[in-house]
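Trainee: Just need the structure, nothing else, for what follows:
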Amino acid sequence: MLPGVGPTLKRKLARLGLETIRDLLEHRPFRYEEPVPERRIADLRGEDEVVIAAEVLSVSERRRGRLKILTARVADESGAITATWFNQPWLKAQLQPGTRIRLRGKPGRYGFDVRSYDVGETSATADFAPVYPASEEITPKKLRELVEAALPRTRDFPDPLPAELRQRLGLPLVPDALTALHRPRRGDDAEVGRRRLAFDELLAFQLAIALRAREREAEQAPALGEPGELVARYLALLPFALTPHQLEAIAQIDADLARPTPMQRLLQGDVGSGKTVVALYALLRAVEAGLRGALMAPTETLAEQHFLTIEPLCGELGVPVALLTGTTKGEIADAGIVVGTHALIQEGVELRDLAVAVVDEQHRFGVEQRRRLAEGRSPHVLHMTATPIPRTLALTVYGDLAVSEIAKPPASRKPVITRWIPEERAAEAYRRLRRLLEEGRQAYVVCPLIEESETSVARAAEQEADRLRRAELRGLRIGCLHGRLRPAERRDLMQRFKARELDVLVATTVIEVGVDVANATVMIVQEADRFGLAQLHQLRGRVGRGAEQSYCLLISRAKEELTDSARERLDALVASTDGFELAERDLEIRGEGQLLGTRQAGISDLKFTRLRADRPLLEQARRAATDLVDASRPLADLASRASAPVEP
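Mentor: Here you go, the predicted model:
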């Protein structure tokens, strides 16, 4: 570490994720100070931000309520002014009379309101000075000092790119890129540095993808040939015609299954678009070849819903299906299809003759869990997600997967009408709900997201169900679904809801995926501003699954109490029912790092990449990776840093 970084400061830096010199140098500024003019004190006018250079004459401090105000009388050759700092009493020791200082700020009601300052060497008040993501424990100024101290160490990092490639793409050396990022002299310096560092990130991912694809070329999966009589009977059993998107996805899967190389395909589709129908087709292709299929889901509720959906169909086809979760131990020896949670990959579970594996909501599994499903065998794998991924993100993260999209739901389904209602009008939402329930419809009420234990979330759901029974929904039949119920209780509750023995299901986000009741046409989401955009879209997808018009009512705090991003999320959901469009909007609202972090561990390591703006850079990295996949160190080191996160 750097001189002067003791154990206490080291712990504070670690809480920001900064544990090494490299971490510090890769701590990207989130903005830069705009150029401003330097003025004499006598020439200060108006409200514009400026810089003044002066000498401290005197310093004092006072309180106004909880506000601590530090003032210093400062002067240059043209005159004097009072400079003011708020809640920074520790500066008093630095502002001794006679000290030369440089201040950046603007004239205000307290004299000169200081935004940044330098004592001695110019740093914080310079044009294009970097402003870093900081914490209450470590100020941006302290981070700037530490990064400045670390910059001479940039020469310790070898440049991994071949000189020819770097020159052809017009990219600077890594040390020069880091210096430009933290100490830009002109407006475009920092962007040139960022692009070089973003290229390295993208190249690391693309190299890891290329290496993984090469490994797969040596693996052998059973070639399943042409589709046969079993899947023909299955398609004939369905009470509806498949959509063009579903038929296209099935044709792509058939082409993959005909080859001896393991299929690695991502099937992504909006909520309610019919992915499970396609997934069951792939599983039955394994069964008709005399082999086995397995479907792995991230939660017991979702695994149970899949089992309840496919078991009746498979029963008519004469295909035995088993359910295996942490609490349900079905007999899998004779099952042609096994549905389960991560219990499928636990020690002692034998999945012999596995030819096709479907991994649902695959981004919610860790890399190691997905690897273990295929361990010791090479099945064809269909990765499935109802959380649409922006196209650029899919290319970056799942570049070694072929992608099939089911972009549109069946034509018979009407778009869900979505309304955003402030808390004070919640009674109106429940009156509207009661009218629809009295007409024979059913509804979900999703409880607030409480970031505590699962037990407290369950308790909150039960309390809300009791309140509704006594108040707005008195006299109606209300059930309560949450993750603390035993599997048998959950299954019984869902069966009663499907059989219309319950009018309303009060639930936690356990119903986010997999629950399918066509008669449920209303969803009320309480404190909707607490939920992410993708999760709100998933929740909304539980209604609108039949031919009747459905409604989603979002209840939140008053608009003026919400953050800008919360308002943007709710506005976006009201404006669109297209999951792919919302995924792009989510990327805009939340930014790459946060959104990526929800996809898969490690992907939020993209510190410099701007996915929407860097599409050309991504294409360059993909082409370069193809040429460099056999290169030795240090490119191999670059690839190894990203090898785990990109595995499907």
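
Trainee: Now Val522, what are its backbone angles?
Mentor: With angles defined as degrees, to the nearest 10, Val522 sits at phi -130, psi 140.

Trainee: from here on, count from 186
Mentor: Renumbered: residue one is now 186, and that last one reads Val707.

Trainee: Test for you: state the pLDDT assigned to it.
Mentor: Note for Val707: predicted pLDDT of 92.

Trainee: hey, what's it bridged with?
Mentor: Using DSSP bridges, the bridge partners assigned to Val707 are Ala628, Tyr736.

Trainee: Now do the same contact list for it.
Mentor: Shown in contact with Val707 (CB atoms under 8 Å, 6 or more residues apart in numbering): Leu618, Leu621, Leu622, Arg626, Gln627, Ala628, Tyr629, Val728, Ser735, Tyr736, Cys737, Leu738. To be clear about C-beta, it is placed using only N, CA and C from the backbone, and glycine gets the same treatment.

Trainee: swap the cut-off to 10 Å and go again
Mentor: 601, 614, 617-618, 620-622, 626-630, 689, 728, 735-738 (CB atoms under 10 Å, 6 or more residues apart in numbering).

Trainee: Going through these, which ones are buried?
Mentor: Burial of these was assessed by neighbour count (16 or more other CB atoms under 10 Å); the buried members are 601, 614, 617-618, 621-622, 626-630, 689, 728, 735-738.

Trainee: For the stretch 686-833 of the chain, which segments count as helices?
Mentor: 718-725, 749-760, 764-775, 777-784, 800-813, 820-825 (DSSP state H, counting those that start in this stretch).

Trainee: Let me know which of the ones you listed is the nearest to Leu203.
Mentor: When these are compared by CB to CB, helix 777-784 sits nearest Leu203, at 15.1 Å.

Trainee: Could you list the low-confidence segments of the stretch 336-485 of the chain?
Mentor: Residue ranges of the stretch 336-485 of the chain with pLDDT under 70: none are present.

Trainee: could you pull out the helices for it?
Mentor: 348-354, 359-367, 374-402, 414-422, 429-442, 460-473, 485-502.

Trainee: what's the fourth one packed up against?
Mentor: With contacts defined as 3 or more CB pairs under 10 Å, 6 or more residues apart in numbering; DSSP states H and E, helix 414-422 has these neighbours: helix 429-442, helix 460-473, helix 485-502.

Trainee: in what helix or strand does the spatially closest residue to Arg671 that is not a sequence neighbour lie?
Mentor: Counting by CB to CB, 6 or more residues apart in numbering, Arg671 lies nearest to Thr512, which is 7.2 Å off, once chain neighbours are set aside. Thr512 belongs to no helix or strand when assigned by DSSP states H and E.

Trainee: Assess the claim that Thr512 and Ala673 are in contact.
Mentor: Yes. Counting by CB atoms under 10 Å, Thr512 does reach Ala673; the two are 8.7 Å apart.

Trainee: about what we covered before: please convert the helices of the stretch 336-485 of the chain to a markdown table, extending it with distance to Phe342.
Mentor: Shown next, in a markdown table, are these (distance: least, CB to CB, whole Å):
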| stretch | distance to Phe342 |
| --- | --- |
| helix 348-354 | 14 |
| helix 359-367 | 5 |
| helix 374-402 | 10 |
| helix 414-422 | 55 |
| helix 429-442 | 41 |
| helix 460-473 | 44 |
| helix 485-502 | 44 |
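
Trainee: Which of the helices and strands packed on helix 414-422 has the highest mean neighbour count?
Mentor: helix 460-473 (a mean of 24; mean count of other CB atoms under 10 Å).

Trainee: quick check: angle from it to helix 485-502?
Mentor: 50 degrees (axes from the mean of the first three to the mean of the last three CA atoms, to 10 degrees).

Trainee: Phi, psi for Leu476 please.
Mentor: The phi/psi pair for Leu476 (degrees, to the nearest 10) is phi -120, psi -160.
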